[in-house]
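Chemist: quick one, fold the following:
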Amino acid sequence: MRLRTRLSEELKARLIATLPEAVETIWDHVAVVVMVEQLKFTSAGGLEGDWERRTQFEGVVRAELRADAIDSLEVEPLITNLVADPVFLDFEADPEIDQISEKARIVLAEWRDTIRDQDVASALRFTVTGTIAAYHGQVVRPQDEPIIRGAA
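Modeler: Residues are numbered from 1 along each chain as shown. Purely as a prediction, here's the structure:
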């Protein structure tokens with residue numbers, strides 16, 4: 001499961017769009033660090049498109065934004081962006097048969113500042129719900145087959 005990596009990439013893209021000075025002034029670190037605080041898993045079944053659902057999950061993911069003087073930056077555009085347009089990660093594009101991927105909806109729940117090495121870092125908590133699935137390949141369904149009329 002690449003949930004942390006994919007969320008980190010999405011948050012970095014949103015930072016570049018709404019708060020580019022936070023990315024430009026990072027302290028020789030990654031601008032966004034994502035960690036799983038808690039995920040609970042339950043079994044799942046059935047098909048979702050061409051994906052075979054294996055597991056559902058829900059829980060909390062935390063991200064820290066680490067930038068010089070982040071406490072002085074205008075973070076409202078980023079907050080508004082994350083609340084109005086929650087992060088949605090879809091299954092991987094162009095997968096191979098039996099490849100595992102996750103699909104998740106990630107909603108900003110809380111923003112806190114924390115101290116890291118005498119600097120302020122912003123800690124964001126997100127609720128996450130999603131599915132882990134394996135690519136099954138294109139499935140031919142009865143409704144997809146052409147109906148031939150008049151065949152004897």
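Chemist: so, low pLDDT: which residues of the protein?
Modeler: 22-30, 67-72, 139-152 (pLDDT under 70).
Chemist: where along it do the helices fall?
Modeler: Ranges of helices in the chain, per DSSP state H, are 3-18, 20-24, 76-84.
Chemist: ok, and the closest non-adjacent residue to residue 65?
Modeler: The spatial neighbour of residue 65 that comes closest, neighbours along the chain excluded (Cβ to Cβ, 6 or more residues apart in numbering), is residue 122 at 4.4 Å. For the C-beta atoms, the positions are set from N, CA and C on the backbone; glycine is no exception.
Chemist: next up, the contacts around the one you found.
Modeler: Shown in contact with residue 122 (Cβ atoms under 8 Å, 6 or more residues apart in numbering): 64-65, 70, 75, 111-114.
Chemist: these two touch, right, residue 101 and residue 131?
Modeler: No. Using Cβ atoms under 8 Å, residue 101 is not in contact with residue 131; the gap is 9.3 Å.
Chemist: where's residue 116 relative to residue 126, distance?
Modeler: Using Cβ to Cβ, to the nearest Å, one gets 19 Å for the distance from residue 116 to residue 126.
Chemist: what about the two, which has more around it?
Modeler: Legend: neighbour count by other Cβ atoms under 10 Å for residue 116 and residue 126, higher for residue 126 (23 against 14).
Chemist: who's the more buried one bridged to?
Modeler: Listed beta-bridge partners, residue 126: residue 61, residue 108 (assigned using DSSP bridges).
Chemist: picking that back up, show me the beta-bridge partners of the residue nearest to residue 65.
Modeler: The partner residues for residue 122, given DSSP bridges, come to residue 65, residue 113.
Chemist: distance of it from residue 85?
Modeler: 19 Å.
Chemist: repeat for residue 116
Modeler: Where residue 85 is concerned, residue 116 sits at a distance of 28 Å (Cβ to Cβ).
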